[in-house]
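*Asks:* what would the 3D arrangement of this be:
(one chain, ligands or ions: 1)
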Amino acid sequence: MNNSAIKILVVDDQPSNLRFLSELLTAQGYQVFRAICGQLALNAAIAHCPDLILLDIRMPEMNGYEVCRRLKSTSKTEQIPVIFLSVLDDINDKLQAFQVGGADYIAKPFQVEEVLARIDKQVCLQKLQQQLKEQNAQLQQSQSLLASVLNSSLDVVAAYAAVRNSQRDIVDFQLLLVNRATEKISDRPFNEIVGKYLLAEDPQIRNSGLFDLYVSVVETGETVDQEFFYEDDRDISAWLHIVAVKLNDGLAVTFRNITDRKLAQELLEASLETQTRYAEELTRSNAELEQFAYVASHDLQAPLGTITGYAQLLERRCHNQLDSEGNKFIGNIVNSCVRMQTLIDDLLEYSRVSRSQKKFNLIDCNLVFEDARANLQLAISKNQASVTRGDLPRVIGDSFQLLQLFQNLIGNAIKYRSSEPPLVIFGVSRQEDNWVFSVQDNGIGIAKQNYQQIFQIFQRLHTQKEYSGTGIGLAICQRIVDRHGGRLWVESEPDRGSTFYFSVPVPK
Ligand code: ADP
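*Replies:* Numbering: from 1, shown residues only. Just a heads-up that it's a prediction; the model follows:
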């Protein structure tokens, strides 16, 4: 063994002893310091901090006991082990040597081997003590590190040891460790509850189901990671996110209070549910209304036809039998019947748009335009209108509905004319994946605040006297464009004409 790092102070008032011992120890490789009296020994101990002191008891002025007492009462030297060397072999002398703090006692005359063996033992002990001290310091450091990490956590962290009865059943848990976050749920300082028993402290824990959950973690070894609704007889309740892991015969638990998040989530779910229910109710009532509109308009046609027929018959046959007022009344009935017929026809058209099951085809819009123009020929010539088009593309759609769309828009462009002869230009431009069609006129125009209103069913901006109509045409157009996956809108100014736009996806 290499002893060169070990320093030994030899204290003896006999120079021959001093020399003998120092030579012996130097030969063993130790670093040796010498002192011939008590005071010099104290000075050397402070100056060199030896690992061991061999101390003679019987010395003039200051004996070995006194030297040892002083060494032990000075912080710098109190840890140095002292081995007494003495010719005194009385038990009381030995006792006194230990009382003043001596680590060992060797009686003179001594055996060299014994001295060396005892020195070696003390040095080893000293080393072990040193190691222990270092380990202790490290342990304390890592413990305080762990504590600060734990205490900085917003989650509650706790470690429990299971408490078992004689049948080995878990009857409680003892708290081994807990962090500061616990103070958010407990009214006691967190370090005061360490060592306490879970159920003994709070029997309500059993009713909440938390205790059983802990037991199952320890008994099955299966980690729990779940949301848990804590509720007990004191009306305390909270949503917790718990992670519990088995740890020896106990467990480590982390939990976070997620009540606020849960409440927000529940509110969100409830409002989503309400929204979905409203949407479903709306869809259903829309479908019912549509069904009603269809049935009503369809079934009203026959009796209305009969009334119109008889009123016209009366008008023709009984013309001479009635006075002028009677004839006026019959005339009013006929006019109202005709108007009602138009309304019913339009309403039926409107409800047919979304009922249509007709499959979409590739359609040449130039041909659709020509058909619409032909159908409107009477109005065109009556108004001396000019209706022109650019080169139109092919689109995927329902030819009948596209014809209705073109015809309604061109028809309106002629109907809502100004004093000038109507000028209608039907054009198209491509915008990304859509064809955007435009129907431009030089008519009366529309004020901005009415842009939205005119697309709603029965919404008109004029009286029958000014312009006849039912207010269903643009609502039908809106439905047709919707069904074709596009958008319908208007840009206009009063007295400056209008341009109606609708988009249709470019075929892929
Ligand atoms: P109707 O023509 O039967 O009244 P529409 O739904 O086709 O019904 O039109 C709704 C309203 O929109 C019309 O009453 C009219 O006021 C306005 N409108 C539609 N097209 C034009 C247009 N080209 N120029 C000016 N106003 C228009």
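*Asks:* residues contacting the residue of the stretch 201-350 of the chain found nearest the ligand?
*Replies:* Nearest residue of the stretch 201-350 of the chain to the ligand (C-beta to the nearest ligand atom) works out as D346 at 7.4 Å. All C-beta atoms are positioned from the backbone trio N, CA, C, and that covers glycine. Neighbouring residues of D346 by C-beta atoms under 8 Å, 6 or more residues apart in numbering: T470, I472, G473, I476.
*Asks:* can you do 7 Å?
*Replies:* Going by C-beta atoms under 7 Å, 6 or more residues apart in numbering, D346 touches T470, I472.
*Asks:* residues of the host helix or strand of it that come out buried?
*Replies:* Assessed by DSSP states H and E, D346 sits inside helix 324-355. Neighbour-count burial for helix 324-355, counted by 16 or more other C-beta atoms under 10 Å, picks out 327, 330, 333-334, 337, 341, 343-344, 346-353.
*Asks:* same check, this time on stretch 61-75
*Replies:* Those would be M62, N63, G64, Y65, V67, C68, R70, L71, K72, for stretch 61-75 by 16+ other C-beta under 10 Å.
*Asks:* how many residues are close by Q28?
*Replies:* Per other C-beta atoms under 10 Å, the neighbour tally for Q28 reads 16.
*Asks:* my guess is it contacts L116. True?
*Replies:* Yes. The pair Q28 and L116 passes the contact test of C-beta atoms under 7 Å, sitting 6.5 Å apart.
*Asks:* interface residues of this protein facing the ligand?
*Replies:* 412-413, 416, 441, 443-444, 446, 454, 460-462, 469-475, 498 (C-beta under 6 Å from any ligand atom).
*Asks:* go with 5 Å
*Replies:* By C-beta under 5 Å from any ligand atom, the residues of the chain that approach the ligand are 412-413, 416, 443, 446, 454, 460-461, 469-471, 473-474, 498.
*Asks:* top of the residues you listed by neighbour count?
*Replies:* Going by other C-beta under 10 Å, A413 tops the residues of the chain next to the ligand with 26 neighbours.
*Asks:* which helix or which strand is home to that residue?
*Replies:* helix 399-415.
*Asks:* tell me where the stretch 101-250 of the chain has strands.
*Replies:* 104-107, 156-164, 170-178, 224-231, 237-246, 250-257 (DSSP state E, counting those that start in this stretch).
*Asks:* tell me the domain boundaries of this structure?
*Replies:* Following automatic domain parsing, one gets these domains for the chain: 7-133, 153-257, 262-352, 356-505.
*Asks:* got the contact list for the closest residue to V163 other than its chain neighbours?
*Replies:* Of all residues not flanking V163 in the chain, D172 sits nearest, at 4.2 Å (C-beta to C-beta, 6 or more residues apart in numbering). By C-beta under 7 Å, 6+ apart, the residues touching D172 are V163, Y197, L198, L199, A200.
*Asks:* ok, now with 6 Å
*Replies:* Each residue near D172 by C-beta atoms under 6 Å, 6 or more residues apart in numbering is listed here: V163, Y197, L198, L199.
*Asks:* how near is it to the ligand?
*Replies:* 80 Å (C-beta to the nearest ligand atom, to the nearest Å).
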